[in-house]
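Undergrad: Sequence unavailable; structure follows:
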């Protein structure tokens, strides 16, 4: 295991997909889930997020922090990275939901692209 | 009545009826006297006796008879004797009038006859006028009938002429049809000859078709065999192509293995580096493995190259075999089409031969039919000729009828009737008008009269010297005919119509003769022109063409 | 220690691997040299999941050994013109960043060529960025990638 990465065990995640990318949201951070036409609306941290698919719920995920190289080339906010079923996924920071999941015109704190973990 | 009988009126001859009466009275007186005497004598008593009463009766009758004779008959005879010359004069006048009337009637001049008849006693006049009227009506009916006969004859003539014309056309058509039928027969014969030649050619074609069919069948068999061989080659090529694909897959697998091996060698080298000095031997092994992988890759590339060439050859072979298959298919199709065409040609040749025979037979039948038609047409031609002859006879008969009508008309016109259709009456009226006209107006007056009578060809006035004083011809009938002779230069006193009129002083009608004017057949109606004192001043005449008399 | 005969197109070999050993990879039209000590693994191209909002250099996230791995496009990092479509693309898992804060990153390349020696003293300094410099290996120009510059924040 690389010395720069530390797995962090968390409790229960809701797995969703948006634009082919797998996202994980801590169960406790999910404030609401509703269907909106062909999409789903996820209320997280006061923001309304839009997802294409609700994949499922996992009890545990090994979460790695975002690496510097990743942050360098991906300015969005996230709570970390994980792997589920041999596929990588991004953990949503409930306090700073990523722009990639936001819905246009929705309220919520906008990240300046320098999310820190 | 004999005109000379009036001469005897001067001899105081009693009329017959008077003579008969006197003769009967005398006889009666004689009888009475004789009977009286006879009776008296018969009934005289023999000796001294009184006569019986019959005797006295006879005496009484005799006395009465004598008294009656003396009182009645004798005075009557005396009166009669005194009136006899006057009566005889009256009778003579009546006789002369009656004679004149009958003479005019006998001459056909009913107008003058009627004039004389009107001077007769009433009953006699009525009877004579009635007879004259009946005769006039009869004459007019005869005129009308003659005109009808002539008109009918003209119609018959016209019909005969039309029929003759039609017959001529028919005859001409028969000739044309006959010629056409003969031409048709010649054409049919040529067709038969051509058909016979065609049959021969068809038979040759049929036999050629048989040989061709055999050759084509053999060719088809050969092509089918080639097609089978090509199909077999194509299948083998496909099999080779499939095998080459499998080899490609194996090569790809080997390539993958080589690639994996290459990566493995790289990873081994990486691990060797990580192992430090202990990993050197491992690094060598890794390098060897990498070389092996590289050689494998090169072998794969080499085999792939060879396989590409092989596959290319296979593809070319497959393409060639496909082309060959297509070409063989086309050749086979063409061969089969040729075989079918040859079969059809053979059938057609057979049909052509049969048809040619049928044509030949039909042509022979047609020839026979044409001959019959020609014979029939010849018979028709004969019939037409006979019909034409018959029509000519009909035309001749119509001409005779026309002539008969003219003759009857002339007979009817010989009567002078008080009718506008009586030519004599017409010319006499003209004579009266011309008599009143001055010499300078004669020709104009005559011309006006002639133009007003469409059936009159020419009118003329000839004086007592035979000189034609006035001359007029009908311009509607003249039509530019050439005038045969200048009539004014001729002495007309020798003309028959002039001689009759000048002699008889009455209208005359000539039979048809050849006109000096235009050489055509005409008849003349002439009438004398008499002065107020009855002096003969000349003759007015009109010529009527025999072809136009029906316009009267 | 055996010395393998160099094959055509392979790099110079002398006496096994050394500190100058580099992994030569094809990135677009360029051949890049990655210091072998920083190379963790050479893999067949990993399945990469693109991240929305990422720069062109970041191809996406992959899974490597049960861990999430960001994958960068090596040709874009070094500004190499694009080449033909690679027949056997690879993902080179490397350590990036300074020695005390190394991170694993995947580099997407067109092909892994060979391990070759590149004398660090022969590297000609480049314009900076992620290219340390250029060197000649078997007569061909290779670009030595500065893996340390890849890691961490700028």
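TA: Cool, the structure landed. Not measured: the values here are computed from a predicted model. Numbering: from 1, shown residues only, chains lettered A, B, ... in the order given.
Undergrad: Which residue is the nearest non-sequential neighbour of the residue nearest the centre of chain A?
TA: Nearest to the mean C-alpha position of chain A, by CA atoms, centre = their mean, lies residue A:92 at 2.3 Å. Nearest residue to residue A:92, sequence neighbours excluded (CB to CB, 6 or more residues apart in numbering or on different chains): residue A:25, at 4.5 Å. Placement of C-beta: from N, CA and C, glycine included.
Undergrad: So for stretch B:136-144, mean pLDDT?
TA: The pLDDT scores in stretch B:136-144 average 86.
Undergrad: Residue C:84 should be in a strand, yeah?
TA: No: counting by DSSP: H, G, I helix; E, B strand; the rest coil, residue C:84 is not part of a strand but coil.
Undergrad: And it, how far from chain B?
TA: Between residue C:84 and chain B the computed distance is 16 Å (CB to the nearest CB, to the nearest Å).
Undergrad: Give me the phi and psi for residue C:49.
TA: Backbone torsions for residue C:49, taken as degrees, to the nearest 10, come to phi -110, psi 110.
Undergrad: nearest residue to the residue in chain B that chain A sits nearest to other than its sequence neighbours?
TA: Proximity of chain B to chain A (CB to the nearest CB) peaks at residue B:274, 14.0 Å away. The shortest distance from residue B:274 to any non-neighbouring residue, by CB to CB, 6+ apart, is to residue C:37 (7.5 Å).
Undergrad: Can you get me a residue count around that neighbour?
TA: Residues lying near residue C:37 (other CB atoms under 10 Å in any protein chain shown) number 16.
Undergrad: per-residue confidence at residue 5?
TA: This is for chain A. 41.
Undergrad: was after chain B, sorry
TA: pLDDT, residue B:5: 39.
Undergrad: Look up how far residue C:100 lies from the residue nearest to residue B:274.
TA: To residue C:100, residue C:37 is 15 Å away according to CB to CB, to the nearest Å.
Undergrad: picking that back up, let's verify the residue nearest to residue B:274: helix, strand, or coil?
TA: helix.
Undergrad: which bits of chain A sit near chain C?
TA: Residues of chain A found near chain C (CB under 8 Å from any CB of the partner chain) are A:1-5, A:18-22, A:62, A:64, A:67-76, A:81-83, A:86-90, A:98-100.
Undergrad: Could you list the low-confidence segments of chain C?
TA: Where chain C drops to pLDDT under 70, the residues are C:1-19, C:120-128, C:152-154.
Undergrad: at 90 instead, please
TA: Residues of chain C that meet the criterion pLDDT under 90 lie in C:1-21, C:36-37, C:53, C:79-84, C:87, C:97-103, C:115-142, C:146-154.
Undergrad: so where do the helices sit in it?
TA: C:74-77 (DSSP state H).
Undergrad: Show me which residues of it sit near chain A.
TA: C:49-55, C:57-58, C:61-63, C:66-70, C:72, C:95-97, C:101-105, C:150-154.
Undergrad: Please produce a PyMOL select command covering the buried subset of those.
TA: A single PyMOL command selects the buried members of these (16 or more other CB atoms under 10 Å in any protein chain shown):
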select buried, chain C and resi 49+51+52+54+57+58+61+62+63+67+68+69+70+72+95+96+97+102+103+104+105+150+151+152
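Undergrad: show me which of the residues of chain C next to chain A neighbour chain B.
TA: With CB under 8 Å from any CB as the criterion, the residues of chain C next to chain A include none near chain B.
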